[in-house]
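A.B. asks: just the structure for this:
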Amino acid sequence: MSQGFRQSQAVLHTWSGLVVGWVLYLIFIAGTASYWRNELTRWMQPELGLPAASDVALDHAQRFLTQTAPDATRWSIELPGSRSNATTVRWQPKDAPEPKRGQPNPWQATLDASGNPVKARDTRGGDFFYRLHFDLHYVPALWARWFVCFSTVFMLVAIISGVITHKKIFADFFSFRRGKGQRTWLDGHNALAVLSLPFHLMITYTGLITLMTVYMPWAVQANFGSRDAFFAELFPREAKVQPAGQRVVMPALATLMDSAQRQWGKGHAGSVLVDHPGDAAMRITFRRDSGDRIADNGEALRYDAQGALQGPTATRSAVVFTRDGMIGLHAARFAPTLMRWLFFVSGVAGTLMVATGLVLWTVKRREQLPDPTQPPRAFRFVERMNIGFVAGLPLAMLAFLWGNRLLPVSLDARAQAEIRVFFAVWAVCLLHASLRAPRRAWTEQLAVAGGLALLLPVFNLLVWNGGLFAWFAQGDTAKSGMDLGLALLGIALLWAARKVHRHVPVQRRVRAPRSAPLSAGEVGA
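C.D. replies: So this is what the prediction gives:
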């Protein structure tokens with residue numbers, strides 16, 4: 001009975017991983033890159049130097065907005081942090097319509113450490129990978145999130161059934177047999193799975209919690225009537241402030257920020273919103289930095305025109321706090337550098353776990369084919385898709401970074417052009433995989449990806465006044481770390497290409513057919 005149950009779990013594990021394996025690989029690789037989304041954005045805007053301290057940056061922002069938009073109905077200031085790039089200021093002129101979401105805002109500026117506006121290239125930066133791993137781009141957001149939730153459920157099933165199936169999974173973690181074909185891929189798959197098993201369970205379950213109102217809307221509908229009503233109660237909005245029509249002197253925002261941060265203990269302000277600046281009915285709102293705590297709930301403190309702290313904000317229930325904690329654990333915005341590296345390495349292990357699982361399926365079934373040199377059409381489709389995803393996606397991601405460097409800075413809709421480069425190169429990789437022999441396709445795509453990764457730091461070295469070395473000397477660990485990471489990634493990809501090129505397939509031992517007994521005449525002859 002137990003053996004039959006384990007065998008059924010093995011079948012469940014295989015097919016639950018294969019059916020959505022390519023989507024899971026996309027989710028894992030884009031989500032893993034998102035752990036460095038701020039650093040990626042900084043690297044993709046090389047025109048910007050190191051940011052100023054938050055209090056100095058806020059002084060510069062207030063001075064700039066006072067001179068540029070004194071009569072605006074709203075100011076918005078995003079403060080630089082330890083991982084962010086610069087100060088971003090936005091303003092809303094009177095009687096002007098608010099810009100639609102996703103469209104460029106004509107009333108914004110980026111300030112450098114000296115408070116001067118600086119023109120940085122338009123890019124989505126690391127936010128593209130972050131949104132890609134759950135919105136899938138070019139797909140309606142609701143449908144994309146439904147599909148991602150569906151795939152994540154399959155991932156959770158694959159993890160649990162994998163633990164049940166491999167009764168010696170922890171013992172196998174210490175066994176890695178090289179050059180054994182299917183056995184080698186299975187050993188690698190098991191090792192990567194066990195190495196980060198707690199992370200895989202956590203990231204899969206918290207990912208489902210993040211989008212739980214998408215795939216489990218019935219409780220929301222039964223208790224609130226609609227998602228809009230639910231989120232209106234979950235994230236209550238303050239009533240709009242009506243201007244008094246009386247001008248007053250605005251208090252120093254940096255002084256109020258210091259007061260807000262004392263209220264938060266060890267907290268830091270991430271953004272400032274000023275409604276009707278310079279008016280007697282002015283409201284100043286400081287929002288806490290999302291990296292301060294695991295459970296980020298957008299905690300806010302509000303001050304009036306005289307700098308007096310307003311009443312306390314509504315406290316959240318234990319249920320909401322638990323949900324916020326799970327979302328914060330999934331996104332890891334709270335994580336310091338060392339912990340972020342642990343999240344990233346675990347994400348890499350998860351990405352490779354999915355990749356080895358996909359490849360293992362083809363390796364195992366190729367050995368079972370009557371004629372491995374003439375596989376059926378369905379097998380060839382899976383094999384080519386594996387190449388286009390496992391090797392093609394990293395290549396497309398690196399092409400996205402090259403697009404950031406090579407596209408003209410003045411190009412209209414430049415951020416979208418970078419994204420089009422990503423998808424165009426990925427489409428070429430899928431086509432290339434379908435036209436070339438599998439071994440050649442693996443080798444060529446991995447080699448091209450390795451070359452692109454290695455040449456990016458060289459390009460920066462030549463174009464950006466010393467690149468890696470200059471950024472390291474300036475203390476810009478985000479940009480220098482990105483270049484160093486790209487160099488290491490390039491070496492790893494080229495090593496993988498070399499291993500594939502030099503790989504000699506294990507010859508399957510073919511058992512000779514048993515001959516019929518010889519007759520007496522044949523024996524005599």
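
A.B. asks: for the stretch 201-350 of the chain, which residues score under the pLDDT cut-off?
C.D. replies: By pLDDT under 70, the low-scoring segments of the stretch 201-350 of the chain are 312-314.

A.B. asks: ignore what I typed, I meant the chain.
C.D. replies: Checking the chain against pLDDT under 70 turns up 1-3, 99-104, 167-190, 312-314, 504-525.

A.B. asks: next, residue 240: phi, psi?
C.D. replies: phi -70, psi 140 (degrees, to the nearest 10).

A.B. asks: distance of it from residue 283?
C.D. replies: Distance of residue 240 to residue 283, computed by Cβ to Cβ, to the nearest Å: 10 Å. (C-beta placed from N, C-alpha, C; glycine too.)

A.B. asks: what of residue 294?
C.D. replies: Taken as Cβ to Cβ, the span from residue 294 to residue 283 is 29 Å.

A.B. asks: higher neighbour count, those two?
C.D. replies: Neighbour totals were compared for residue 294 and residue 283, and residue 283 leads with 19 against 16 (other Cβ atoms under 10 Å).

A.B. asks: now the element after whichever helix in the chain runs longest, going C-ward?
C.D. replies: Longest helix in the chain, counting residues (DSSP state H): helix 337-368. Once the chain leaves helix 337-368, the next helix or strand it forms, by DSSP states H and E, is helix 377-386.

A.B. asks: how near is residue 446 to residue 423?
C.D. replies: 20 Å.

A.B. asks: and these two? Which one has more around it.
C.D. replies: Here residue 446 and residue 423 are compared on neighbour count by other Cβ under 10 Å; more neighbours surround residue 446, at 26 against 14.

A.B. asks: was I right about residue 37 contacting residue 132?
C.D. replies: No. With contact defined as Cβ atoms under 8 Å, residue 37 does not count as touching residue 132 (10.9 Å).

A.B. asks: burial count for residue 474?
C.D. replies: If you count neighbours by other Cβ under 10 Å, residue 474 ends up with 13.

A.B. asks: oh, that last question was meant for residue 106, not what I typed.
C.D. replies: If you count neighbours by other Cβ under 10 Å, residue 106 ends up with 9.

A.B. asks: with residue 266 instead?
C.D. replies: Neighbour tally, residue 266, other Cβ under 10 Å: 8.

A.B. asks: contacts only, for it.
C.D. replies: Residues in contact with residue 266 (Cβ atoms under 8 Å, 6 or more residues apart in numbering) are residue 292.

A.B. asks: ok, it to residue 338 distance?
C.D. replies: According to Cβ to Cβ, residue 266 stands 18 Å off from residue 338.

A.B. asks: next: residue 475.
C.D. replies: 18 Å.

A.B. asks: also residue 192?
C.D. replies: Distance, residue 192 to residue 338, using Cβ to Cβ: 21 Å.

A.B. asks: higher neighbour count, those two?
C.D. replies: Between residue 192 and residue 338, counted using other Cβ under 10 Å, residue 192 has the larger neighbour count: 22 against 7.

A.B. asks: my read is that residue 24 contacts residue 151, right?
C.D. replies: Yes. Between residue 24 and residue 151 there is a contact at 5.7 Å, judged by Cβ under 8 Å.

A.B. asks: looking at the two, which is more packed in?
C.D. replies: Each of residue 24 and residue 151 has its neighbours counted (other Cβ under 10 Å); residue 24 has more, 27 against 19.
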